[in-house]
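Participant: Structure for the following, please:
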Amino acid sequence: MKLTQPTSIKDIKREWHFFDVEGKTLGRIATVIAQKLIGKDKPYFVSHLDCGDYAVVVNAGQVSVSGKKNKQKEYQHFSGYPGGLKRKTFAEVLKTNPTRIIREAVSGMLPKNKLRALMLKRLYIYSDEKHPYQSKFK
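Facilitator: The predicted structure follows:
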C-alpha cells in the first residue's frame with residue numbers, strides 16, 4: 001500500500017471553462033457549472049480546500065426553464081424595513097438582470113461554508129456573447 005501526500009494549495013491547478021447557456025435548462029447547466037467551481041471532477045479534490053476552476057457563462061439572457069416556472073418561479077429580496085419584501089417572477093428577472101438567475105442557481109448548489117464566496121468570485125456571467133476572456137479559450 002502506497003501512501004500519497006495530502007493535497008495542498010500548491011498542488012491546485014486552475015483551468016478555464018466556457019459555458020454557452022443559450023436554450024439550455026437552468027438546473028441542468030447550473031449543476032455542471034457548480035461541479036467545475038467546486039473541483040469535484042479533479043483527482044486531488046478535498047473538501048476543505050478550494051480546488052475549483054474558473055467558469056465563464058455567456059448568453060445568460062437566453063436560459064430556459066421547464067413547465068410553468070417562467071411565470072410561477074419567484075425571486076425575493078428583503079430591504080430590512082417593514083413592507084420591504086420585493087418579489088419578481090423569473091420572466092421579470094430575465095428581462096432586467098439575467099445574470100442574477102444563473103448566480104443564484106449556482107450559489108444554491110455550492111457548499112454552505114466559507115469557501116462559497118471564493119468559488120463565486122471565479123464565476124463570470126454575461127447576458128450576451130461578449131466577454132473579455134477570449135484569450136483564455138484559444
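Participant: Quick check, residue 27 in contact with residue 104.
Facilitator: No. Taking contacts as C-beta atoms under 8 Å, residue 27 lies outside contact range of residue 104: 11.7 Å. Using the backbone N, CA and C atoms, a C-beta is placed for each residue, glycine as well.
Participant: ranges for the strands of this protein?
Facilitator: 16-20, 54-58, 74-78, 85-89, 123-125 (DSSP state E).
Participant: Could you export the ones you listed to JSON lines, including columns for mean pLDDT?
Facilitator: As requested, these are exported to JSON lines (pLDDT from 0 to 100):
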{"stretch": "strand 16-20", "mean pLDDT": "97"}
{"stretch": "strand 54-58", "mean pLDDT": "98"}
{"stretch": "strand 74-78", "mean pLDDT": "96"}
{"stretch": "strand 85-89", "mean pLDDT": "97"}
{"stretch": "strand 123-125", "mean pLDDT": "98"}
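Participant: Just say which of the ones you listed is most tucked in.
Facilitator: Mean neighbour count (mean count of other C-beta atoms under 10 Å) peaks for strand 54-58 among the strands of the chain, with a mean of 21.
Participant: Next, the contact list for the residue nearest the centre of the chain, please.
Facilitator: The residue lying closest to the centre of the chain (C-alpha atoms, centre = their mean) is residue 106, at 3.6 Å. Counting by C-beta atoms under 8 Å, 6 or more residues apart in numbering, residue 106 touches 30, 33-34, 37, 120, 123.
Participant: Which one of those residues is nearest to residue 10?
Facilitator: residue 37 (20.2 Å; C-beta to C-beta).
Participant: Check the closest one and give its pLDDT.
Facilitator: Looking at residue 37, its pLDDT is 98.
Participant: Burial check on it, number of neighbours?
Facilitator: 27 (other C-beta atoms under 10 Å).
Participant: That one and residue 89, how far apart?
Facilitator: 27 Å (C-beta to C-beta, to the nearest Å).
Participant: Other residues contacting stretch 115-133?
Facilitator: By C-beta under 8 Å, 6+ apart, stretch 115-133 touches 14, 16, 20, 33, 37-38, 49-50, 52-61, 98-99, 102-103, 106-107, 110.
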